[in-house]
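Undergrad: how would this look folded up:
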Amino acid sequence: MELKKNPKKDLNRNSGMYFVMGLFLVLMLTFIALEWKSFYGYTHVADGTILSELTEEAPPLTFITPPPPPPPPVAPTIIEIAPDDTEIIETMMESTEGGEDVEVIEVNDIPVIEEPDDVSVPFSVIEHVPVFPGCENESDKRACFNKMMQKHIVKNFRYPELEKEMGIQGKVNIMFEIQEDGSIGNVRMRGPNKNLEKEAARIIDKLPKMTPGKQRGNPVRVPFSIPITFKLQ
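TA: Below is the predicted model of the structure:
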């Protein structure tokens, strides 16, 4: 025997309608939720002012005083132009010439103070060169002087032992003066080594006294310079 369903008891008969109604209800709730507006609360103050609960405390205002303006530029000095008729005071110059009553002093009555001549004449331009001992009878005393100077250096030359061992060489330029009395003075030297300079000065100190050089018949100081070379063989 086949069982038959009662159409009134069929649960699936109105399922489509129920689905549509449920979907409509969900859409309505979603729309209401999206369109719902909420308002912030306000606080009423006694004087009638409405303050929002979200109002933050405003920061205090700070006023900055601007710097004072720069001082005005100084006005230029007014130059006053004097009129052409201004009186000019002239300086009067009086004559210093004596009159007839002024006594004239003779030139011979004025004492003349003679000052010693301190003249230095180079060896190359002096009229009468200093005479080296042994050159008195030579006609060319200048050439004889140079020759005797070379002989004196060779005769008294001595190489310092320390500089010789260390291999120190060089040229010492030495300058001196032949004084008015023929002696040697004002010795100066410049070289690569102190001991070489001392040796050159020792050679010059051994120079003999000479006949002083003369300019216009008067003895004068005569500067002279000569190089002394220290060279190892």
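
Undergrad: all helices of this structure, in order?
TA: 15-35, 141-156, 161-166, 194-205 (DSSP state H).

Undergrad: how about the second one as CSV, C-alpha atoms only?
TA: Extracted as CSV, the C-alpha positions of helix 141-156 are listed here (Å, rounded to 0.1, in the frame of the first residue of the first chain):
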residue,chain,number,x,y,z
LYS,A,141,150.4,96.4,-5.1
ARG,A,142,146.8,95.3,-5.6
ALA,A,143,147.8,92.1,-7.5
CYS,A,144,150.6,91.5,-4.9
PHE,A,145,148.1,91.8,-2.1
ASN,A,146,145.8,89.1,-3.5
LYS,A,147,148.8,86.8,-4.2
MET,A,148,150.1,87.2,-0.7
MET,A,149,146.7,86.5,0.8
GLN,A,150,146.5,83.2,-1.1
LYS,A,151,149.9,82.2,0.1
HIS,A,152,149.0,83.1,3.7
ILE,A,153,145.8,80.9,3.6
VAL,A,154,147.7,77.9,2.1
LYS,A,155,150.5,78.2,4.6
ASN,A,156,148.2,78.4,7.7
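
Undergrad: could I get the buried residue list for it?
TA: By neighbour count on 16 or more other CB atoms under 10 Å, the buried set for helix 141-156 is Lys141, Cys144, Phe145, Asn146, Met148, His152, Ile153. All C-beta atoms are positioned from the backbone trio N, CA, C, and that covers glycine.

Undergrad: Gln169: neighbour count?
TA: A total of 15 residues lie near Gln169 under the criterion other CB atoms under 10 Å.

Undergrad: which residues does it contact?
TA: By CB atoms under 8 Å, 6 or more residues apart in numbering, the contact list for Gln169 reads Pro192, Phe230, Lys231, Leu232.

Undergrad: I'd like to know how far it sits from Ser183.
TA: 32 Å (CB to CB, to the nearest Å).

Undergrad: circling back: looking at the contacts of Gln169, which is nearest Arg158?
TA: Phe230 (10.2 Å; CB to CB).

Undergrad: circling back to that earlier point, least confident pick among the contacts of Gln169?
TA: Lowest in pLDDT among the contacts of Gln169 is Leu232, which has 83.

Undergrad: what's near enough to touch it?
TA: Contacts of Leu232 were listed using CB under 8 Å, 6+ apart, and they are Tyr159, Lys164, Gly167, Gln169.

Undergrad: rerun at 10 Å
TA: Tyr159, Glu163, Lys164, Gly167, Ile168, Gln169 (CB atoms under 10 Å, 6 or more residues apart in numbering).

Undergrad: in this protein, where is pLDDT below threshold?
TA: 1-13, 37-65, 75-118 (pLDDT under 70).

Undergrad: ok, 50 please
TA: Scanning the chain for pLDDT under 50 picks out the ranges 40-56, 115-116.

Undergrad: hey, where'd the strands end up in it?
TA: 42-44, 50-52, 170-178, 184-190, 214-215, 218-219, 222-230 (DSSP state E).
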